[in-house]
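K.L.:
sequence and computational prediction follow.
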Amino acid sequence: MATRYWVVSLPIQNSVSTLWNSLQDQISKHSFDTPLYRFNIPNLRVGTLDSLLALSDDLLKSNSFIEGVSHKIRRQIEELERVSGLENNALTVDGVPIDSYLTRFAWDEAKYPTMSPLREVVDGIHTQVAKIEDDLKVRVAEYNNVRGQLNAINRKQSGSLAVRDLSNLVKPEDIITSEHLVTLLAIVPKYSQKDWLSIYETLTSYVVPRSSKKLYEDNEYALYTVTLFDRVADNFRTSARERGFQIRDFEYSPEAQESRKQDLEKLIQDQDSLRSSLLLWCYTSYGEVFSSWMHFCAVRVFAESILRYGLPPSFLACVLSPSVKGEKKVRPILEGLCDTANSAYWKTEDEGGAMAGLGGDADAHPYVSFTINIV
């Protein structure tokens, strides 16, 4: 599928069919690998010249906004598909692949009545796309909030022993709690374990001999238990800290651990549910935005063609997708089919053209031309 298209319009000098046949013939002779399609635009409501001029000032800015929203949704789809392990699905507008929708464009009269003023059509498209963008922000924020909570939990469970959650590393039989005895959890640097085992019994009085047991070890630290009398626990913490050992505050609670487990499972379910619903919403919304964008492009071609070629509307709109190498072959073909006398008014500003640049591309051409980047 091509990802870059030109939308152009050429002034009709004799008849539409003659111009279309000439264009097809020239393309097939000099750039046969360039796909070429008609871009069917209905007779829209022209209005006044002043209204068209005022509208043209906003067309480029509005196009950038609509294009940006479409790319934003597309990137969100790609991220969600990657995270979900899904293959990239072909994006569609009501089941029609987007490239086919563009190359076989048909105006939706029910949604955008052709008798509506062009300003009303453009403002309606802008409002609809802006609402979709706002919905996207809300939905993505909700999904990212749950994902952030899960990431925080995962960091606690996978970080170093100095900071991670210890509840899934400690079993009930590892903890001794009685009226006088308490079990503490010590974080010992990995290469200081021999020191710990040789001195922990002497860090304070009333430490139970041979009570220290290793529960877990990571790349930096080892987790040890130590049992001692409750009344000397604070002294032991102080002495251990002075020797470079960290005593982690920990209270074993089966109820709290089960609650954390249930909360984690619910977050995972919420994330999966939100991701699925967001992906489905993005598929649908991308189609809506893309359809709105193509209707906007049709208005843009119509308005700029009137301003460039005059009234009554008499132009041929088409879509091409030349390769990078083929662009230099296609431009001269399009220019050769223009009425050069009529297009002199549209030279670059340096050449004295009064209305240069309305087409929206960096280079001025004697015909309406702008680029659609699907990706």
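P.N.:
That came through, no problem.

K.L.:
give me the distance between residue 93 and residue 86.
P.N.:
Residue 93 sits 20 Å away from residue 86, going by CB to CB, to the nearest Å. To be clear about C-beta, it is placed using only N, CA and C from the backbone, and glycine gets the same treatment.

K.L.:
which one's more surrounded, those two?
P.N.:
Counted by other CB atoms under 10 Å, residue 93 and residue 86 do not tie: residue 93 has more neighbours, with 19 against 11.

K.L.:
enumerate the positions of stretch 209-223 that are buried.
P.N.:
Neighbour counts over stretch 209-223 (16 or more other CB atoms under 10 Å) mark 211-212, 221-223 as buried.

K.L.:
which of these sit farthest apart?
P.N.:
211 and 221 (19.3 Å; CB to CB).

K.L.:
would you state the strands of the stretch 201-350 of the chain in chain order?
P.N.:
213-217, 221-229, 246-248, 315-320 (DSSP state E, counting those that start in this stretch).

K.L.:
turn those strands into CSV, including distance to residue 289 and mean pLDDT.
P.N.:
Output for the strands of the stretch 201-350 of the chain, formatted as CSV (distance: least, CB to CB, whole Å; pLDDT from 0 to 100):
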stretch, distance to residue 289, mean pLDDT
strand 213-217, 50, 93
strand 221-229, 51, 95
strand 246-248, 51, 93
strand 315-320, 19, 95
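
K.L.:
identify whichever of these lies nearest to residue 9.
P.N.:
Nearest to residue 9, of all the strands of the stretch 201-350 of the chain, is strand 315-320, at 4.4 Å by CB to CB.

K.L.:
which helices and strands does the closest one pack with?
P.N.:
With contacts defined as 3 or more CB pairs under 8 Å, 6 or more residues apart in numbering; DSSP states H and E, the packing partners of strand 315-320 are strand 4-11, helix 16-30, strand 36-38, helix 254-309.

K.L.:
among these, which is the most enclosed?
P.N.:
Counting by mean count of other CB atoms under 10 Å, strand 4-11 has the highest mean neighbour count of these, with a mean of 22.

K.L.:
pull up the pairing partners for that strand, direction included.
P.N.:
strand 315-320 (antiparallel), strand 368-373 (antiparallel) (DSSP bridges).

K.L.:
how far does that strand sit from its chain's centre?
P.N.:
Per CA atoms, centre = their mean, to the nearest Å, the displacement of strand 4-11 from the mean C-alpha position of its chain is 28 Å.

K.L.:
measure the closest residue to residue 293 other than its chain neighbours to residue 125 for me?
P.N.:
Once flanking residues are discounted, residue 293 sits nearest to residue 66: 4.9 Å by CB to CB, 6 or more residues apart in numbering. As judged by CB to CB, residue 66 and residue 125 stand 7 Å apart.

K.L.:
can you list residues touching both of these two?
P.N.:
292, 296 (CB atoms under 8 Å, 6 or more residues apart in numbering).

K.L.:
those two - which one has more neighbours?
P.N.:
Taking other CB under 10 Å, residue 66 and residue 125 do not tie; residue 66 has more neighbours (26 against 21).

K.L.:
secondary structure element for that one?
P.N.:
Applying DSSP states H and E as the criterion places residue 66 in helix 49-84.

K.L.:
following that helix, which helix or strand comes up?
P.N.:
Using DSSP H and E, the helix or strand that follows helix 49-84 towards the C-terminus is strand 92-93.

K.L.:
tell me the mean pLDDT for that next one?
P.N.:
The average pLDDT within strand 92-93 is 94.

K.L.:
how far does that strand sit from the chain's center?
P.N.:
For strand 92-93, the distance to the chain centre is 18 Å (CA atoms, centre = their mean).

K.L.:
equivalent analysis for stretch 233-243, please.
P.N.:
Taking CA atoms, centre = their mean, one finds stretch 233-243 lying 51 Å from the centre of the chain it belongs to.

K.L.:
again, but for stretch 61-70
P.N.:
Using CA atoms, centre = their mean, the offset of stretch 61-70 from its chain centre is 14 Å.

K.L.:
what residues of it count as buried?
P.N.:
62-63, 66-67, 69-70.

K.L.:
cool, stretch 96-105 as well?
P.N.:
Neighbour counts using 16+ other CB under 10 Å place 98-99, 101-103, 105 of stretch 96-105 among the buried residues.

K.L.:
turn those residues into CSV, including distance to residue 368, pLDDT and secondary structure.
P.N.:
Output for the buried residues of stretch 96-105, formatted as CSV (distance: CB to CB, whole Å; pLDDT from 0 to 100; DSSP: H, G, I helix; E, B strand; the rest coil):
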residue, distance to residue 368, pLDDT, secondary structure
98, 22, 95, helix
99, 21, 93, helix
101, 21, 95, helix
102, 17, 95, helix
103, 18, 94, helix
105, 16, 95, coil
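
K.L.:
can you put those residues in TSV and add distance to residue 249?
P.N.:
Shown next, in TSV, are those (distance: CB to CB, whole Å):
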residue	distance to residue 249
98	56
99	60
101	61
102	62
103	66
105	66
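
K.L.:
closest to residue 164 out of those residues?
P.N.:
residue 98 (46.0 Å).

K.L.:
surely the closest one meets residue 89?
P.N.:
No: assessed by CB atoms under 8 Å, residue 98 is found out of contact with residue 89, at 11.5 Å.

K.L.:
grab the nearest non-local neighbour of residue 158.
P.N.:
Residue 158 sits nearest to residue 164 (CB to CB, 6+ apart), 6.8 Å away.

K.L.:
dump the residue contacts of the one you found.
P.N.:
155-158.

K.L.:
pLDDT below threshold where in the stretch 251-375 of the chain?
P.N.:
Low-confidence segments of the stretch 251-375 of the chain (pLDDT under 70): 339-363.
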